[in-house]
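Visitor: have a look at this fold, sequence not included:
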């Protein structure tokens, strides 16, 4: 459904007559009450008085405002002196501590695909040709769990080759997934 000029004019007319968004949606057909409300806001149509349309409503006379009495200054609230806050105890530094970067500050350099060596990528391409192409249910602790393809398609599979000791992937996929320690240390500085 698209908002044609004719439908927009009908919406404006019905809105001005004071009809509800549900009534307008029913009359227009193919739109929801929320779509009507959204269009009204986007068009900047004014809120309307209940019962009568804004065009027919006559302004009522307002009574003259009463003279204002001088305002007396309010007394300041009583406050207690600030209590010193004890300093938090020093905690031992954790090795896996994340660095918090204040808003507006540039992020540190992030690893990119350019940092992966061409040799490692070539090795992965060769390994994926020899892969066992396992399904999720066929994986074990001894098979490479590297996913290949789009999980939403039937061409999705896992590598399935023998894993490197202590890792979830085979040797080729470990080379792509894990970065050497020295390059990670260099990025932190």
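Guide: Noted; the coordinates are in hand. Small disclaimer: the values here were computed from a predicted structure and weren't measured. Residues are numbered from 1 along each chain as shown.

Visitor: let me see the domain layout of the protein.
Guide: Following automatic domain parsing, the chain resolves into domains at 1-56, 113-188.

Visitor: any chance of those domains in TSV, with mean neighbour count and mean pLDDT too?
Guide: All C-beta spots, glycine's among them, are computed from the backbone N, C-alpha and C. Below are these laid out as TSV (neighbours: other CB atoms under 10 Å; pLDDT from 0 to 100):
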stretch	mean neighbour count	mean pLDDT
domain 1-56	13	83
domain 113-188	14	82
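
Visitor: so which residues of the chain form strands?
Guide: For the chain, the strands defined by DSSP state E occupy 147-148, 157-158.

Visitor: columns distance to residue 27 on top of those, output as TSV?
Guide: As requested, these are arranged in TSV below (distance: least, CB to CB, whole Å):
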stretch	distance to residue 27
strand 147-148	51
strand 157-158	54
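
Visitor: residue 140: which of these is closest?
Guide: Nearest of the strands of the chain to residue 140, taken as CB to CB: strand 157-158 at 10.7 Å.

Visitor: enumerate every residue touching the spatially closest residue to residue 131 that is not a sequence neighbour.
Guide: Nearest-residue entry for residue 131: residue 159, 4.6 Å, with adjacent residues in sequence omitted and distances by CB to CB, 6 or more residues apart in numbering. Going by CB atoms under 8 Å, 6 or more residues apart in numbering, residue 159 touches 127-128, 131-134, 143-146, 148, 169-170, 173.

Visitor: and of those, the nearest to residue 154?
Guide: Closest to residue 154, out of all of the contacts of residue 159 and judged by CB to CB, is residue 133, at 11.7 Å.

Visitor: who's in contact with the closest one?
Guide: The contact partners of residue 133, taken as CB under 8 Å, 6+ apart, are 148, 157, 158, 159, 160.

Visitor: now these in TSV, with distance to residue 42?
Guide: Output for the contacts of residue 133, formatted as TSV (distance: CB to CB, whole Å):
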residue	distance to residue 42
148	45
157	47
158	48
159	51
160	53
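
Visitor: out of those, which comes closest to residue 121?
Guide: residue 148 (13.8 Å).

Visitor: so what pairs up with the closest one in the strands?
Guide: Going by DSSP bridges, residue 148 is paired in beta bridges with residue 157.

Visitor: so it sits against residue 169, correct?
Guide: No. Under the criterion of CB atoms under 8 Å, residue 148 makes no contact with residue 169, lying 11.7 Å away.

Visitor: quick check: chain neighbours aside, which residue is closest to residue 171?
Guide: Residue nearest to residue 171 in three dimensions, not counting chain neighbours: residue 164, with 5.2 Å by CB to CB, 6+ apart.
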